[in-house]
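> The following block contains a protein sequence and its predicted model.
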Amino acid sequence: MSTTELNRQGRIAVISINNPPVNALSHSVRSGLMQCLQQLADDHDLDAAVVHCIGRTFCAGADIREFGRPPQQPFLPELVLALDASAKPVVAALHGTALGGGLEVAMGCHYRVAAKSAKVGLPEVLLGLLPGAGGTQLLPRLIGAEAALDVILDGKPRNVADPSIKGLIDAIADDDDLLASAVRFATEVAGKPVQRCSDRSVAAVDADYFEQRRSAIAKRTRGLISPKKIIDCVQAATTSSFAEGMRLEREAFLECQSSSQSAGLRHAFFAERTASKVPNLNAEVTARTLEQIVVIGAGTMGAGIAHNCLTAGYRVRLLDKDADGVARGDATVRRLMQGGVDRGKLTTAAADACLARFETSDDLTAVSDADLVIEAVFENMAVKQQVFRGLGEHCKPGAILASNTSTLDVDAIAAASGRAGDVIGMHFFSPAHIMRLLEIVRGRETADDVLATSIAFAKALGKIGVVVGNCYGFVGNRMLYSYGRENQMLLLEGAAPEVIDRVLQDWGMAMGPNAVNDLAGMDIGYKARKERKDRPDDPRFYRVADVLVEKGWLGQKTGRGTYLYPDGSRTPVPDPEVQALINAEAARLGIEQREISEQEIIERCIYGLIIEGARILEDKIAYRASDIDVVWTNGYGFPKYRGGPMHYADQVGLDKVYARICEFCERFGDTYWKPPALLAELAKNGGKFSDLG
Ligand code: 3HC
Ligand code: NAI
């Protein structure tokens with residue numbers, strides 16, 4: 001079958017779209033639908049039409065893969081206008097998720113019948129875009145400008161029965177009766193005057209309202225251009241004609257579409273979906289069954305992981321080495337569960353059901369029924385190896401043994417178990433029940449089915465699993481070292497912590513590195529550095545952080561770290577005593593302090609990341625540059641609209657990045673700045689990291 005087809009049911013045209021997997025509105029679908037509309041207009045034996053989709057969902061929007069290519073007519077807005085203009089009624093039958101251009105097509109239709117389980121949304125903002133096929137003009141006409149703005153600005157799908165979108169859906173049908181219901185609906189409206197959305201008026205909204213939304217969104221989406229344009233377009237729907245609103249929307253859409261922000265967000269979209277595809281994993285392999293999970297170590301990470309597994313439906317036992325540890329972990333899991341209820345994420349009944357599957361124990365041999373054990377004890381090789389020796393002894397054959405180590409050698413941990421094939425790294429991020437990233441560390445001997453199970457497990461937890469190789473710090477923390485190191489060097493060279501943080505935050509990082517250290521607790525990095533066997537022999541290496549930790553200034557939890565946090569506040573206040581310490585340390589090390597430009601702060605920190613990313617690719621620790629981007633945008637607050645460090649480097653141009661790195665190498669020596677051969681090669685040949693596949 002072609003991607004569209006028109007069949008008759010009596011005098012009703014049933015127009016089917018079949019473009020797996022998500023019925024994206026590719027060129028063939030758009031032109032096919034145009035032909036179907038022409039047929040509907042020309043055929044005197046047809047009185048009305050139903051547009052529906054084959055497969056798991058109604059259209060999930062424009063075909064995002066087409067955005068980088070030359071556009072082909074008919075464009076999506078033309079299709080939506082053609083539907084709207086049809087003299088014969090057209091009914092959309094919605095199931096799955098009608099998103100973006102998919103919902104715009106549905107709004108071009110004169111009526112919408114939806115399956116009970118269907119969801120609708122305009123997620124373009126998440127791709128740095130705005131609805132560009134009439135969404136900003138049609139939705140306000142159906143549900144009002146204020147409600148439309150909520151839908152378009154948050155980009156989240158809503159259930160079709162959600163009262164906040166009242167007016168969008170004309171009828172709700174049982175899932176298994178959708179098409180028949182839509183045909184009945186079409187039969188009823190056939191021959192009656194069509195009800196065009198474009199003919200409706202929009203209730204007036206005070207200009208102040210839009211001003212308030214503009215200032216609120218500017219704070220929330222620092223630097224993003226599409227949210228502001230969305231507000232302009234929706235406001236235009238309340239003040240201008242439909243035609244003028246459509247013109248304005250098209251102009252704004254094309255501007256967003258050609259922006260580097262949208263390119264970055266679209267890159268992130270596909271990168272996240274590619275990350276779980278492991279090139280050399282046997283596709284025939286069957287995942288192991290997971291029902292009972294045991295988490296060992298009931299501290300910060302263990303409790304969060306246990307909570308995450310419970311809400312995903314698993315049975316969970318949380319172990320710690322003594323009754324105090326167990327009691328602490330038990331209390332944390334219950335507190336997190338209650339927090340979920342308080343924030344409306346979970347119903348009380350769902351939280352109770354989770355807790356009914358939850359138990360704790362201080363008996364470290366209580367692992368014999370576990371399908372998966374996740375170890376989250378102290379970050380110390382001897383302690384981890386001792387735990388894995390016990391697991392090797394007490395676990396049933398086929399149990400998967402995972403370590404949540406954030407830096408240590410997974411192969412050395414695996415060896416202690418005596419069954420290295422069953423062992424894998426699962427590096428969760430803190431807070432584990434919230435952060436979406438899971439670095440899955442494939443050890444030298446990790447079995448293929450253990451890897452396949454771990455990828456499926458990440459998905460079941462609602463996380464993005466990225467498969468990485470085994471080395472110190474894997475992808476994320478290995479690169480964090482370079483980023484953090486440049487921050488530390490810049491402090492010694494004369495940049496104040498609050499200046500570095502402001503500059504990087506303005507550039508797009510979720511937080512500045514010094515504020516992050518204070519939030520996480522400076523002792524965590526300190527302990528990891530002390531454990532590190534291959535730390536460079538450089539007296540400047542993380543010297544400021546070491547001095548602060550040795551004084552007991554660990555961050556927010558001790559009321560001061562790099563910053564002061566007076567009276568338990570969480571707002572960092574620059575600390576003159578810390579600045580004096582930094583200056584004294586610089587003098588002791590013979591470092592002359594100087595004025596440092598904002599550009600240098602950005603380049604030192606971000607190129608520090610890129611150079612380590614290039615080494616990671618050389619070492620084959622990541623399968624692709626885009627996997628590194630997924631780690632950094634989902635685990636370390638790197639701005640998604642810049643795509644990730646490797647995509648950003650490609651956008652700047654690797655020749656330029658390379659030249660600057662060579663300059664840094666000249667100025668600061670080659671301990672950290674020696675350009676990797678891979679980068680030199682790509683720069684020389686006009687290549688990109690994304691060319692590496
Ligand atoms: N265009 C092209 N490919 C798309 C796509 C789209 N709009 N949406 C999904 N895909 C692809 C994915 O890349 C993936 O491909 P792969 O199998 O090769 O990796 C495949 O479809 C399945 O996608 P998911 O893995 O995400 O499947 P899920 O079932 O988890 O989710 C979904 C389905 C909810 C539809 C999700 O894919 C999604 O959110 N898609 C994006 C929707 C979107 O942003 N639409 C707006 C597009 S912009 C637009 O419409 C502009 C217009 O206003 C002019
Ligand atoms: P934590 O100190 O909060 O908790 C560790 C828990 O393990 C404690 O409750 C302790 O009693 C228990 N424990 C220690 N030895 C044990 C043993 N032999 N048997 C059973 N329980 C034992 O530590 P945290 O922060 O939860 O870290 C745990 C692991 O997670 C570490 O490997 C760490 O590197 C990693 N990690 C930590 C992150 C963080 O931000 N805290 C982020 C990602 C990973």
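Right, received. Where do you want to start? Ligands and ions are numbered 1, 2, ... in the order given.

> give the contact list for the closest residue to ligand 2 within the stretch 51-200 of the chain.
Taking Cβ to the nearest ligand atom as the measure, the stretch 51-200 of the chain has L126 as its residue closest to ligand 2, at 26.4 Å. For glycine as for every other residue, the C-beta is placed from the backbone atoms N, C-alpha and C. Listed by Cβ atoms under 8 Å, 6 or more residues apart in numbering, the contact set of L126 reads 155, 265, 269.

> mind putting those in a markdown table, distance to S2 included?
Formatted as a markdown table, the contacts of L126 follow (distance: Cβ to Cβ, whole Å):
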| residue | distance to S2 |
| --- | --- |
| G155 | 31 |
| L265 | 31 |
| F269 | 27 |
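
> Quick one: name the residues of the stretch 251-400 of the chain near ligand 2.
The stretch 251-400 of the chain comes close to ligand 2 at residues 296-302, 319-321, 325, 364, 376-379, 383, 387, as judged by Cβ under 6 Å from any ligand atom.

> hang on, the earlier thing: out of the contacts of L126, which is nearest to D567?
Taking Cβ to Cβ as the measure, D567 sits nearest to G155 out of those, at 37.9 Å.

> ok, the closest one - how many residues close by?
20 (other Cβ atoms under 10 Å).

> and the gap between L490 and ligand 1?
Distance, L490 to ligand 1, by Cβ to the nearest ligand atom, to the nearest Å: 38 Å.

> My error: substitute Y672 in the last question.
36 Å.

> Which of the helices or strands spans that residue?
If you go by DSSP states H and E, Y672 is part of helix 670-673.

> Helix or strand next in line after that helix, which one?
helix 677-684.

> For that following helix, give me every contacting residue.
610-611, 614-615, 617-618, 654-655, 657-659, 661, 687-689, 691.

> in that helix, what counts as buried?
678-680, 682-683 (16 or more other Cβ atoms under 10 Å).

> Flag every residue of this structure that's near ligand 2.
Checking the chain against ligand 2 by Cβ under 6 Å from any ligand atom, the hits are 296-302, 319-321, 325, 364, 376-379, 383, 387, 404-406, 428-430, 520, 524.

> Could you look up the SS state of I628?
Put simply, I628 is helix when judged by DSSP: H, G, I helix; E, B strand; the rest coil.

> Burial check on it, number of neighbours?
Residues near I628, counting by other Cβ under 10 Å: 32.

> my guess is it meets G644, correct?
Yes - counting by Cβ atoms under 8 Å, I628 touches G644, with 6.5 Å between them.

> part of a strand, is V120?
Yes - counting by three-state DSSP, V120 is found in a strand.

> Kindly state the beta-bridge partners for it.
A98, R158 (DSSP bridges).

> With P574 instead?
Y563.

> That one and R604, how far apart?
The gap separating P574 from R604 is 21 Å, by Cβ to Cβ, to the nearest Å.

> Show me which of these two is the more surrounded one.
Neighbours per residue (other Cβ under 10 Å) separate P574 from R604, with R604 holding more: 25 against 15.

> quick one: secondary structure of the more buried one?
Assignment for R604 (three-state DSSP): helix.

> G421 and A447 touch, don't they?
Yes - using Cβ under 8 Å as the test, G421 is close enough to A447 to be in contact (4.2 Å).

> Looking at the two, which is more packed in?
A447 (19 against 16).

> So T360, which state does it fall into?
Taking three-state DSSP, the label given to T360 is strand.

> what's the burial count for it?
Using other Cβ under 10 Å: T360 sits among 20 other residues.

> I'd like to know how far it sits from ligand 2.
Distance from T360 to ligand 2, by Cβ to the nearest ligand atom: 12 Å.
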